[in-house]
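1. Next comes the sequence, and after it the predicted model I'd like to discuss.
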Amino acid sequence: LFLVPLDDLGEWYRYHQLFAEVLQYRLRRSQPALLPVLHRRAAAWFAEQGDMPDAIRHALLATDYAGAAVLIDQLWPLLWNQGAIATLFNWMQVLPAASEQDEALWGRPNLYVSYAWGLALTGQIERAEALRFQVASILQRADADAVQSPVHMTLLGRVAALRAMVAARHGNTVAAVLKAKQALALIPVDAMSRNDAFYTLGLARQQEGALDEALLAYATAAKSGEATNDSFQAIAAHYHAGRVLTAQGHLHRAAATYQQILPMATQSRKQLPIVGLAHIGYGEILYQWNDLAAAVRQVDTGLALNP
């Protein structure tokens, strides 16, 4: 009567929602101190079962912010590539700003670099810059042994690449190129994060009008993104390459580049805003070719993905 089956095998059940609410209400009234303990147990159990979203939810409810940060950091690349950006941002907004030195960034600077990148890529430049500054100040306080580690060098490189992207967005191409090259010098050659550096180098070169160099950087970022399964970065690099080719008048090459993006997004079920921009870019080319009906379809699809 009070159980609801969750599968066809009769192995998984949950309490009926109303019954569960009654039990939770009684627990809050009778043993409120037990709630964090139970949430921690639930978080550990869900993590063991591989159900990371529920593990994170219970860790946050238990105010185990350090534990939640570890789980979010592990899950970030997968959800980011799936386009679950709102979910990631919602979790990060629940994590309070840590005040104690030993709790700075909840011990996960890599997570906060990823968050800063996410903010920048979604147009929240000022918040990204503030967070980047906070991360950089933490990294500067690392001990001598940590500074030489590949992990630390990669983090410094990702921060430099983010500075390059922000500088490019502000039209400061000299600083953008400098920081992008610094990022490439810092990030180990076998690290996935080099995608970020090549992508920002492409942005910087595009901003300064060095379009052939921008294309080379975007091609490297796209190839690296595909090789490391960083499909978000690969799609973004292909999109910007398409814009450069359009500006150069290479419409057939630009159209082919946009057409590369669309099956990538479809096969991986990624409905990202930047895919919408690719549809719009392709629609612009079809308009120039006077294929008006197809152009309208592409632009409508793009606007639906990137309102």
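-> Good, I have the coordinates.
2. tally of neighbours for Ala120?
-> Residues near Ala120, counting by other Cβ atoms under 10 Å, number 22. Backbone N, C-alpha and C define where each C-beta goes, glycine included.
3. Renumber starting at 24 from here on
-> Done: numbering now begins at 24, and the last item shifts to Ala143.
4. Quick check: Leu328 vs Leu201, distance?
-> As defined by Cβ to Cβ, to the nearest Å, Leu328 lies at a distance of 34 Å from Leu201.
5. where along this protein do the strands fall?
-> Across the chain, reading from the start of the chain, the strands by DSSP state E fall at 26-28, 36-38.
6. of all those strands, which gets the most neighbours per residue?
-> When neighbours are counted by mean count of other Cβ atoms under 10 Å, the highest per-stretch mean among the strands of the chain falls to strand 36-38, a mean of 13.
7. Which other helices and strands does that strand contact?
-> strand 26-28 (3 or more Cβ pairs under 8 Å, 6 or more residues apart in numbering; DSSP states H and E).
8. other SSEs contacting the strand it packs on?
-> With contacts taken as 3+ Cβ pairs under 8 Å, 6+ apart, strand 26-28 sits against strand 36-38.
9. And the contacts of the strand it packs on?
-> 25-29, 43, 46 (Cβ atoms under 8 Å, 6 or more residues apart in numbering).
10. which one of these is nearest Ser137?
-> The shortest approach to Ser137 among the contacts of strand 36-38 belongs to Leu29, at 31.8 Å (Cβ to Cβ).
11. What is the burial count for that closest one?
-> By the other Cβ under 10 Å criterion, the neighbourhood of Leu29 contains 11 residues.
12. for Ile297, same thing?
-> Counted with other Cβ under 10 Å, residues neighbouring Ile297 total 19.
13. same thing with Ser53?
-> 8.
14. which residues touch it?
-> Contacts of Ser53 were listed using Cβ under 8 Å, 6+ apart, and none were found.
15. Tell me where the stretch 24-173 of the chain is predicted with low confidence.
-> Under the criterion pLDDT under 70, the flagged ranges of the stretch 24-173 of the chain are 24, 121-127, 167-168.
16. mind listing the helices for it?
-> Using DSSP state H, counting those that start in this stretch, the helices assigned to the stretch 24-173 of the chain run over residues 40-53, 57-71, 75-84, 88-104, 108-117, 132-144, 148-163, 167-170, 173-192.
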